[in-house]
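No letters, just coordinates:
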């Protein structure tokens, strides 16, 4: 098996900088691909946290002008990752998050910040760093979306290009008058290029120009080709149907390992499940809930948004009262949802607890201590929390959409009779169906033998990156072979 070299282009990566699941994927996939004889080097912006974490660095691309200032590209080691770092202080050396200022608003120069990232990716792809010549460029989400656009006019010898959609709802749309300032040719502003309803679409350009398109689950790959889920891009995705593939995400089994997790109260495994109740008691104390080992404790670790369906949960607080359940929520997002959850906690002391924000340790503690994890998303490209829940012995309750449908086996009566089932699914995604499913969950909780079997099924499920990495490796190699074949002169 020949070695394959991939340049990943991404805007965040765990453990250096993280706002969501994209960082987890970017951080874990390179190690998994290494087992498939695929070498990945990741290009990441030089945010302050990234620059601070660098352990070793050398110049890969000497200083050059980039969108209003000087930039350079470093080849670096940081956080156990093999990186290229775009060191552009005028674009990235600032407080706040990767995409937003400290007040929560988007940085106004985001189109230039992430165009600079994509431009650096294109230069690396074409050999700007001596000794590095990737076979494939793997871009992630809209922030890296222009990489394929910048490579579009490159010679035939350019690497193959792949774009992975982690969430089609975030597309990177900017005014048309930025076409020239972004260094894009006039002809790129067309229906076959970056033009999207009169705007420049970073993700639209990626979908138009990339050789392959992947999403993070097979069901989501099908859903986004429909008007209901396609966010205005379903027509393009249908037209490119043979180029679209859904590959499920995995999780890092070293980071998410209940038997060796130092963030939880009491480590446990499938063989030592008797240790798990200590984590439930700890979680109840942490969230100010009644110390009741018999209460059905529901957990939520989520962005608080319409997409994630948290309004459906709030609409079912009376159902939680009726079934005697407790609720522990960790999340941040829309102010109305934050306020509603805090109000619910005030109105139901000992039964509902909410912490606004995100804390990695508390996320692990909810997975380890909750009896069930609620994920009522209206759409979900893949989702990682339900995979963590399986590994940590929390029963996932999920909407039947996207990757949630692909990863959780519904514990319906026939599945239970056959010894299968790893959680509960519900559809359509409405408050009424969630309420009915919570009542079904309570009935399962009342059958300890059935419940324990479902938990065991979940903990035995392979949620690693092994199978996804093999699928990515095959996709990369198939693309390389196809491009080599097309590059051969025809014989007349």
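Perfect, I can see it now. On a predicted model such as this, the values are computed, not experimentally measured, just so you know. Numbers count the residues shown, from 1 in each chain.

And the closest residue to residue 227 other than its chain neighbours, how close does it get to residue 163?
Excluding the flanking residues, the one nearest residue 227 by CB to CB, 6 or more residues apart in numbering is residue 234, at 5.5 Å. To be clear about C-beta, it is placed using only N, CA and C from the backbone, and glycine gets the same treatment. Applying CB to CB, to the nearest Å, the value for residue 234 to residue 163 is 16 Å.

Identify the neighbouring strands of the helix or strand residue 7 falls within in the sheet and state each direction.
Secondary structure assignment for residue 7, by DSSP states H and E: strand 4-9. Strand pairing for strand 4-9, determined by DSSP bridges: strand 38-45 (parallel), strand 136-140 (parallel).

Which helix or strand lies directly C-terminal to it?
In N-to-C order, the element after strand 4-9 by DSSP H and E is helix 21-34.

Next, the buried residues of that next one.
21, 22, 23, 24, 25, 26, 27, 28, 29, 30, 32, 33 (16 or more other CB atoms under 10 Å).

same deal with stretch 313-323?
Here stretch 313-323 shows 313, 314, 315, 316, 317, 319, 320, 323 as buried, counting by 16+ other CB under 10 Å.

ok, now which ones touch the last one?
In this case it means residue 323. By CB atoms under 8 Å, 6 or more residues apart in numbering, the contact set of residue 323 is 296, 438, 439, 441, 442.

List phi and psi for residue 57.
The phi and psi values for residue 57, taken as degrees, to the nearest 10, are phi -150, psi 150.

same check, this time on the one 5 residues further on
The phi and psi torsions at residue 62 (degrees, to the nearest 10) take the values phi -60, psi 160.

Now it: closest residue in space that isn't a chain neighbour?
Per CB to CB, 6+ apart, closest to residue 62 is residue 72, 6.3 Å.

quick one: the one you found is in a strand?
Yes - assessed by DSSP: H, G, I helix; E, B strand; the rest coil, residue 72 belongs to a strand.

Need the pLDDT of residue 2.
Note on residue 2: pLDDT of 55.

typo on my end, it should be residue 71
Predicted confidence (pLDDT) for residue 71: 98.

From residue 15, how far off is it?
24 Å.

quick one: which of the two has more around it?
A direct count of neighbours by other CB atoms under 10 Å for residue 71 and residue 15 places residue 71 higher, at 22 against 17.

Excluding chain neighbours, what is closest to that one?
Using CB to CB, 6+ apart, the nearest residue to residue 71 is residue 88, at 3.6 Å.

Near the one you found, how many other residues are there?
25.

where does it land on pLDDT?
For residue 88, the predicted pLDDT is 98.

can you pull the contacts of it?
Counted by CB under 8 Å, 6+ apart, residue 88 has contacts 45, 46, 66, 67, 69, 70, 71, 72, 116.

one more time with 10 Å, if that's ok
Applying CB atoms under 10 Å, 6 or more residues apart in numbering to residue 88 gives the contacts 45-46, 63-64, 66-73, 112-113, 116-117, 120.

Would you mind listing which of those are buried?
45, 46, 66, 67, 71, 72, 73, 112, 113, 116, 117, 120.

Tell me the bridge partners for the first one.
Read that as residue 45. Beta-bridge partners, per DSSP bridges, of residue 45: residue 86.

Would you agree it is in contact with residue 115?
No - applying CB atoms under 10 Å, one finds residue 45 not in contact with residue 115, separated by 11.6 Å.

shared neighbours of those two, anything?
91, 143.

returning to that earlier point: kindly indicate which of the buried residues of helix 21-34 lies nearest residue 92.
Among the buried residues of helix 21-34, residue 23 lies closest to residue 92 (CB to CB), at 15.6 Å.

Quick check: that closest one touching residue 17?
Yes - the criterion here is CB under 10 Å, and residue 23 meets it with residue 17 at 6.6 Å.

and for the two, which residues touch both?
11, 44, 98.

quick one: which of these is nearest residue 265?
So of the shared contacts of residue 23 and residue 17, ranked by how close each gets to residue 265 (CB to CB), first place is residue 98, at 31.8 Å.

any idea how far the closest one lies from residue 44?
For residue 98, the distance to residue 44 - CB to CB - is 10 Å.

any shared contact partners between the two?
Common neighbours of residue 98 and residue 44 (CB under 10 Å, 6+ apart) are 11, 12, 17, 23, 50, 92.

The residues you listed: which two are farthest apart?
23 and 92 (15.6 Å).

Switch the buried ones among the contacts of residue 88 over to TSV; also include distance to residue 269.
Shown next, in TSV, are those (distance: CB to CB, whole Å):
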residue	distance to residue 269
45	38
46	40
66	49
67	50
71	47
72	47
73	43
112	49
113	44
116	46
117	41
120	43
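
Next secondary structure after the helix or strand hosting residue 336?
Here residue 336 is covered by helix 335-347, with elements defined by DSSP H and E. For helix 335-347, the following helix or strand on the C-terminal side (DSSP H and E) is strand 352-356.

and residue 158, what does it touch?
122, 125, 126, 127, 134, 137, 148, 151, 152, 211, 483.

ok, so of those residues, who is nearest residue 170?
For those, the nearest to residue 170 is residue 148 (17.3 Å; CB to CB).

Tell me which helix or strand that closest one sits in.
Counting by DSSP H and E, residue 148 is part of helix 146-151.

list the helices and strands that helix packs on?
Helices and strands touching helix 146-151, by 3 or more CB pairs under 10 Å, 6 or more residues apart in numbering; DSSP states H and E, are strand 4-9, helix 110-125, strand 136-140, strand 160-165, strand 199-201, helix 202-209.

How many residues are close by residue 396?
25.

shaky segments in the stretch 151-300 of the chain?
155-156 (pLDDT under 70).

all helices of it, in order?
Assigned by DSSP state H, counting those that start in this stretch, the helices in the stretch 151-300 of the chain fall at 202-209, 218-223, 234-239, 277-286.
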